[in-house]
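Asks: can you look at this prediction? I've put the sequence above it.
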Amino acid sequence: MFKKLCGILFFIILIGSCGLATTRPKLEMSLARSAFWAAKKSSAAKITPQLFHKAEYYYLKAKTAYKQKYFNKAKQYAKLSIKFSERAEYKAMRTKAFKDVEE
């Protein structure tokens with residue numbers, strides 16, 4: 001009887017703690033939001049539309065996954081959004097700088 005009760009209690013604790021195993025990717029989401037905002041502010045949508053749209057796509061996917069509590073996927077999408085946002089911002093800033101030099 002005691003072994004059966006301990007087994008059931010262990011199983012309940014094991015199932016209950018699974019939700020606690022993954023942490024919320026707050027830092028990654030914050031960095032993705034900041035990187036996307038910086039890319040948007042640098043006119044990356046006009047200068048490098050493909051990279052900007054990839055960044056936007058992954059940022060929105062990250063937000064959706066986060067809301068649905070798929071934290072591992074949200075973290076992956078946030079990292080991809082950061083990557084494409086930073087590339088888009090860099091290329092936009094570089095293009096602007098070369099235009100200023102040519103003038």
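Replies: Alright, I've got the coordinates. Numbers count the residues shown, from 1 in each chain.

Asks: helices of the chain, start to end?
Replies: In the chain, the helices defined using DSSP state H lie at 2-17, 26-41, 44-47, 49-67, 71-102.

Asks: find the centremost residue of this structure, please.
Replies: A78 (1.1 Å; CA atoms, centre = their mean).

Asks: what residues are up against it?
Replies: Applying CB atoms under 8 Å, 6 or more residues apart in numbering to A78 gives the contacts 25, 28-29, 31-32, 58-59, 62. For glycine as for every other residue, the C-beta is placed from the backbone atoms N, C-alpha and C.

Asks: mind doing that once more with 6 Å?
Replies: If you count contacts by CB atoms under 6 Å, 6 or more residues apart in numbering, A78 has them with 28-29, 32, 62.

Asks: over to Y77?
Replies: Per CB under 6 Å, 6+ apart, neighbours of Y77: 58, 61-62, 65.

Asks: quick revisit: between the contacts of A78, which is nearest P49?
Replies: P49 lies nearest to A32 out of the contacts of A78, by CB to CB, at 19.0 Å.

Asks: before we move on, the earlier item: between the contacts of Y77, which is nearest M1?
Replies: Looking across those and measuring by CB to CB, the closest to M1 is A65, at 44.3 Å.

Asks: and the closest one, what does it touch?
Replies: Per CB under 6 Å, 6+ apart, neighbours of A65: 73-74, 77.

Asks: distance to A97 for these - can I get that in a markdown table?
Replies: Below are the contacts of A65 laid out as a markdown table (distance: CB to CB, whole Å):
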| residue | distance to A97 |
| --- | --- |
| K73 | 36 |
| A74 | 34 |
| Y77 | 30 |
